[in-house]
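> okay, predicted coordinates and the sequence, questions at the end:
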Protein chains: 2
Amino acid sequence: MTAQRTSPGNAASAGLRAEVSGFKRLRIREEACALFFMHGYESTTLDAVAQELGVTKPFIYSYYATKSDLLYDICRLGISMSLEVLQHAAALDRSPSDRLKIIVESVLAIIFEYRKFIVVYEREEKNLEPERMREIRELRKLFDHQLADILAEGNSLGDFEIIDPVLTATTIGGMITWVAQWYSPDGKRTQLEVINHILLMVEAVVHVCQDRRSVSPEVTKLILLKNQKKGG
Amino acid sequence: MTAQRTSPGNAASAGLRAEVSGFKRLRIREEACALFFMHGYESTTLDAVAQELGVTKPFIYSYYATKSDLLYDICRLGISMSLEVLQHAAALDRSPSDRLKIIVESVLAIIFEYRKFIVVYEREEKNLEPERMREIRELRKLFDHQLADILAEGNSLGDFEIIDPVLTATTIGGMITWVAQWYSPDGKRTQLEVINHILLMVEAVVHVCQDRRSVSPEVTKLILLKNQKKGG
DNA sequence: ATTAATTTCTACTCATTGGTATATCAGTTT
DNA sequence: AAACTGATATACCAATGAGTAGAAATTAAT
């Protein structure tokens, strides 16, 4: 009856400890992210983050080993949550068209809630250690890739008419990410308006009903010339 | 005949001086931008920039008063060149559809050539002094605004069928900007492929041929709930 | 050639800030 | 209440890098 009792309390209190510890990390992330979002990563000192939380710098250091670790957590959260809802929606037993719609809606929901995380991730990626940056990039690539798979599937089922699923997935991913950059809760548009708009845009780009337009001859020549110059 | 002769040489040599000085600034911008692009603004020291140029830090300081001034020049170049070609194309005596196409092509041409400037501008804006950041933001806003005007004009002429020209302009602007983020000369796609793809996407979003799709009821409820919570 | 102006470099300062060694406090157990 | 344990704070260090003063070198003018 006493064997389970390890020196720092019993199992239940150990569990609570972990929860509290997790919550503190969460709060640190939140405030740090808000400041990174506002002033940028490098311009934000950990002292400022500590002040915001009403604690001191060593407090933060007992939950995050380095400033870069903190940024890493923020970045990973930003992208991994989007990826998660995408994968969830992608696994549904629905038509590609339905899944695409659900993806747009649910990823946008994430973006509205975590837009600061996403903006910080996009902007401050460069401040991560190379290895971790690569890891984050991998997640992003996975996002676009899985989206492209759905587009390709929709193509072969005849639901979509997409000329280049990979590029189109990149574009749709960009359109969604772009929302995080310009949307503001204080702005003119409601979240619903934005969702409806993006759905419309996505709808449009997966149903190409026009003849394929080509680049005008002058621009073509210009670009070929430049590439030649570089190549030779 | 001697009155014009100011102490440092004659007018011609003064002109050349200015040109040389301008060229040096240009080179400083270029190398600084390349390093900012690679490692980020704060992580790049001016010593590193100087080394890249084969000069020393005070050399840079005799052409740019502060590091932030240097960033400002880079950011302004990034956005103002895009804006310039947009305005040039917008002023042409052509149909909105033609003008839009020319805009996409020429802005993309700028982006291919100056993509590092544009990426640095997007990413490092936060490191500018507030006043200058606002100035840059204003240029960006102008870009989207003028694009929206063309879309609206096309709408009223019956060339386009756009439900929300302002949001659509934001989206198109984003699609173009997004290219700067992912395009790489070493990547799989040629510039021509990218231009054709973006033209296609733009073409699609200005001709909405589907019924307007609406957000699914569940998501609607979710969002209304959240907004209520925040508002109350 | 000599002088004057300008450009560039050497060698520094100094504020900032990420990170840490050590002390203190609070809660728990005996 | 005393001793122990874990959490948090105080007070510090070391390094970095923006920015500068003044010397040296280069260029141009007489």
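Cool, the structure landed. Numbers count the residues shown, from 1 in each chain, chains lettered A, B, ... in the order given.
> name the element the spatially most central residue of chain A belongs to?
Compute the mean C-alpha point of chain A, and by Cα atoms, centre = their mean the closest residue is A:Ile79, 3.2 Å away. For A:Ile79, the host element (DSSP states H and E) is helix A:67-90.
> the residue nearest to the centre of chain A touches A:Val119, doesn't it?
No. Using Cβ atoms under 8 Å as the test, A:Ile79 is too far from A:Val119 to be in contact (11.8 Å). For the C-beta atoms, the positions are set from N, CA and C on the backbone; glycine is no exception.
> where's the nearest residue to A:Ser106 once chain neighbours are set aside relative to B:Asp164, distance?
Nearest residue to A:Ser106, sequence neighbours excluded (Cβ to Cβ, 6 or more residues apart in numbering or on different chains): A:Val85, at 4.4 Å. When distance is defined by Cβ to Cβ, to the nearest Å, A:Val85 is 25 Å away from B:Asp164.
> which residues touch the residue nearest to A:Ser106?
Residues near A:Val85 by Cβ atoms under 8 Å, 6 or more residues apart in numbering or on different chains: A:Ile103, A:Ser106, A:Val107, A:Ala109, A:Ile110.
> phi first, then psi, for the last one.
Right, A:Ile110. phi -60, psi -40 (degrees, to the nearest 10).
> what's the pLDDT at it?
Here, the pLDDT recorded for A:Ile110 equals 96.
> how about A:Leu100, what does it touch?
A:Ile150, A:Leu151, A:Gly154, A:Val202, A:Val206.
> around DNA strand C, pick out the residues from chain A.
A:9-10, A:42-47, A:57-58, A:61, A:65-68 (Cβ under 7 Å from any atom of the strand).
> close to DNA strand D, is the helix holding A:Ile79?
No. Using Cβ under 7 Å from any atom of the strand, helix A:67-90 never reaches DNA strand D; the gap is at least 13.4 Å.
> please identify the buried residues of that helix?
A:67, A:70-79, A:81-83, A:85-86, A:89-90 (16 or more other Cβ atoms under 10 Å in any protein chain shown).
> so how far is that helix from its chain's centroid?
Remark: helix A:67-90 is offset 6 Å from the chain centroid, using Cα atoms, centre = their mean, to the nearest Å.
> swap in stretch A:87-94?
Mean-position distance between stretch A:87-94 and its chain equals 18 Å (Cα atoms, centre = their mean).
> so does that stretch get close to chain B?
No. Using Cβ under 8 Å from any Cβ of the partner chain, stretch A:87-94 never reaches chain B; the gap is at least 11.5 Å.
> what is the end-to-end distance of that stretch?
Counting by Cα to Cα, to the nearest Å, you get 13 Å between the two ends of stretch A:87-94.
> do you know how far A:Leu53 is from A:Met175?
Counting by Cβ to Cβ - A:Leu53 and A:Met175 are separated by 35 Å.
> okay, the two: which has more neighbours?
Regarding A:Leu53 and A:Met175, a neighbour count based on other Cβ atoms under 10 Å in any protein chain shown identifies A:Met175 as having more, with 23 against 16.
> who are the packing partners of the helix or strand harbouring the more buried one?
Secondary structure assignment for A:Met175, by DSSP H and E: helix A:165-182. Contact analysis of helix A:165-182 by 3 or more Cβ pairs under 8 Å, 6 or more residues apart in numbering or on different chains; DSSP states H and E lists helix A:96-124, helix A:130-157, helix A:191-206, helix B:165-182, helix B:191-205 as its packing neighbours.
> who wins for proximity to B:Met133 among these?
helix A:96-124 (13.5 Å; Cβ to Cβ).
> flag the shaky bits of chain A, pLDDT-wise.
A:1-17, A:208-232 (pLDDT under 70).
> neighbours of A:Phe37, just the number please.
20.
> ugh, typo on my part, it should be A:Lys141
Using other Cβ under 10 Å, the number of residues around A:Lys141 comes to 10.
> for A:Ala204, see how far away A:Glu161 is.
11 Å.
> higher neighbour count, these two?
Between A:Glu161 and A:Ala204, A:Ala204 has the larger neighbour count (other Cβ under 10 Å), namely 22 against 11.
> check which residues of stretch A:43-55 are buried.
Buried residues in stretch A:43-55 (16+ other Cβ under 10 Å): A:Thr44, A:Leu46, A:Val49, A:Ala50, A:Glu52, A:Leu53, A:Val55.
> closest to chain B out of those residues?
A:Thr44 (10.0 Å; Cβ to the nearest Cβ).
> nearest spatial neighbour of that closest one, chain-adjacent residues omitted?
Nearest to A:Thr44 is A:Leu35, by Cβ to Cβ, 6+ apart, at 4.4 Å.
> quick one: contacts for A:Leu142?
Contacts for A:Leu142 (Cβ under 8 Å, 6+ apart) come out as A:Leu83.
> repeat the analysis, applying 10 Å as the threshold.
For A:Leu142, the contact set (Cβ atoms under 10 Å, 6 or more residues apart in numbering or on different chains) comprises A:Ile79, A:Ser80, A:Leu83, A:Leu86, A:Gln87.
> neighbours of the residue lying closest to the fourth one once chain neighbours are set aside, just the number please.
The shortest distance from A:Leu86 to any residue that is not its chain neighbour, by Cβ to Cβ, 6+ apart, is 5.5 Å, and that residue is A:Ile103. Around A:Ile103 sit 25 other residues, with neighbours defined as other Cβ under 10 Å.
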